[in-house]
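S.K.: Generate coordinates for the sequence data below:
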Amino acid sequence: MTVPPKEKPVSAFFPADNAAVIAHLNYLQAIITRLAGNSAQCKSWCLAIVSALFGFAGALKNDKIVACAIIPIVIFCLVDAAYLDDKYPERRDILRAKWRQSLAWEQPKEP
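M.R.: Numbers count the residues shown, from 1 in each chain. You can find the predicted model right below:
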């Protein structure tokens, strides 16, 4: 008769010491970083375009151009909201993984 091999004891850091979990969290973090960069760039473009419109309106002394500045603000606001909406599921997954890791940390070790 052969003796079955003993199973390795589960580490207290089980979710975090798995290479696949770490790779997945790095992947999610890269997505969040990319979307945050896109969101910041969207705000930069909005500020530049609205500032140019205000400067153009001031130079021409035309109030209608100032009123048209609301259009890029609304468009870039919607684009930024789309970036933030895309970022939420990945951030939720990371927070859930960290919560599971904290639960694994708090579990008492078996003798």
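
S.K.: Name the residues that touch stretch 72-84?
M.R.: Residues outside stretch 72-84 that contact it (C-beta atoms under 8 Å, 6 or more residues apart in numbering) are 35, 38-39, 42-43, 45-46, 49-50, 53. (Each C-beta comes from the backbone N, C-alpha and C, glycine too.)

S.K.: show me what contacts residue 50?
M.R.: 69, 72-73.

S.K.: The least confident helix or strand in the chain by mean pLDDT: what's the following helix or strand?
M.R.: Ranking every helix and strand in the chain by mean pLDDT, DSSP states H and E puts helix 14-17 at the bottom, with a mean of 61. Later in the chain than helix 14-17, the nearest helix or strand by DSSP states H and E is helix 19-60.

S.K.: Output the next helix or strand after that next one as PDB, nothing but the C-alphas.
M.R.: The C-terminal neighbour of helix 19-60 among helices and strands, as given by DSSP H and E, is helix 63-68. The C-alpha trace of helix 63-68 is given here as PDB (Å, rounded to 0.1, in the frame of the first residue of the first chain):
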ATOM      1  CA  ASP A  63     -20.600  86.800 -24.900                       C
ATOM      2  CA  LYS A  64     -22.000  84.000 -27.200                       C
ATOM      3  CA  ILE A  65     -18.600  82.300 -27.300                       C
ATOM      4  CA  VAL A  66     -18.600  82.200 -23.500                       C
ATOM      5  CA  ALA A  67     -22.000  80.400 -23.600                       C
ATOM      6  CA  CYS A  68     -20.600  77.900 -26.100                       C
END
